[in-house]
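**Q** Provided below are the primary sequence and the corresponding predicted coordinates.
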Amino acid sequence: MDLTRKWIYSAIALSMIALAVGAVACSDDDDDGGDVVSTSTASGVEGASEQLCNDLDDLQTAIDGVEELSSASTLEEAQTAIAAVQTAWDDAKSSAEAFEQAKATALATAVENLGDTIQNISGSDSLGDAQADVSAAADEVAAARTDLSAAADCG
């Protein structure tokens with residue numbers, strides 16, 4: 001098998017990986033049902049998601065560069081193109097890890113907020129007096145769990 005075909009097969013495999021990761025990471029799996037998530041947690045997840053999507057776009061651009069190689073391309077051009085794919089892949093991998101970490105952090109923060117909400121109920125209050133706060137904190141946990149479950153494709 002000649003070098004150009006080997007690079008093209010590698011590029012196709014990387015494209016398939018990038019599309020699979022991109023479909024999961026950049027899909028709109030938000031049900032827009034008014035999920036309660038703290039602003040700082042949501043912005044961390046959104047920022048990580050945006051970075052991952054940008055890095056996946058960069059990976060696709062690098063893959064396109066490999067796919068543009070022809071029989072007239074030099075070995076140096078092929079090496080440069082595959083180095084660009086490797087760099088973009090490393091960036092996307094790091095962004096995917098940061099995205100998953102942000103999702104896990106969002107759930108941990110939500111659980112902590114729920115515990116704090118329950119702990120902060122004064123001894124003279126009934127649960128009914130604090131029900132709205134407890135319910136909102138529980139909704140935050142449920143939303144963060146749903147987001148993490150969807151990101152992990154738990155079904």
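**A** Perfect, thanks for sending it. Numbering: from 1, shown residues only.

**Q** Spell out the residue ranges of the helices in the chain.
**A** 3-25, 39-67, 75-119, 127-151 (DSSP state H).

**Q** Would you indicate which residues of the last one are buried?
**A** What it means is helix 127-151. 130, 134, 137-141, 143-148, 150-151 (16 or more other CB atoms under 10 Å). In short, each C-beta sits where N, CA and C put it, glycine included.

**Q** Take the helices of the chain and lay them out in TSV including mean pLDDT.
**A** Below are the helices of the chain laid out as TSV (pLDDT from 0 to 100):
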stretch	mean pLDDT
helix 3-25	48
helix 39-67	85
helix 75-119	92
helix 127-151	84
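
**Q** where's the closest residue in space to residue 133 that isn't next to it in sequence relative to residue 111, distance?
**A** Closest residue to residue 133 apart from its sequence neighbours, by CB to CB, 6 or more residues apart in numbering: residue 117 at 5.2 Å. Separation of residue 117 from residue 111 (CB to CB, to the nearest Å) stands at 11 Å.

**Q** do residue 134 as well
**A** 13 Å.

**Q** Check residue 144 too.
**A** Residue 144 is 8 Å from residue 111, by CB to CB.

**Q** same question, residue 58
**A** From residue 58 over to residue 111 (counting by CB to CB), the distance is 34 Å.

**Q** Looking at those two, which one has more neighbours?
**A** The neighbour comparison of residue 58 against residue 111 (other CB atoms under 10 Å) goes to residue 58, with 19 against 15.

**Q** so what's that one up against?
**A** 88, 91-92 (CB atoms under 8 Å, 6 or more residues apart in numbering).

**Q** So how do I select the buried members of those residues in ChimeraX?
**A** To isolate the buried ones among the contacts of residue 58 in ChimeraX, judged by 16+ other CB under 10 Å, type:
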select :88,91,92
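
**Q** Quick one: the contacts of residue 58 as CSV, columns for distance to residue 53 too.
**A** Converted to CSV, the contacts of residue 58 look like this (distance: CB to CB, whole Å):
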residue, distance to residue 53
88, 13
91, 12
92, 10
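
**Q** Closest one of the contacts of residue 58 to residue 49?
**A** residue 92 (12.6 Å; CB to CB).

**Q** which residue sits closest to that closest one in space, ignoring its chain neighbours?
**A** residue 55 (4.2 Å).

**Q** Ok, residue 118 next?
**A** residue 134 (6.3 Å).

**Q** Good, wrapping up.
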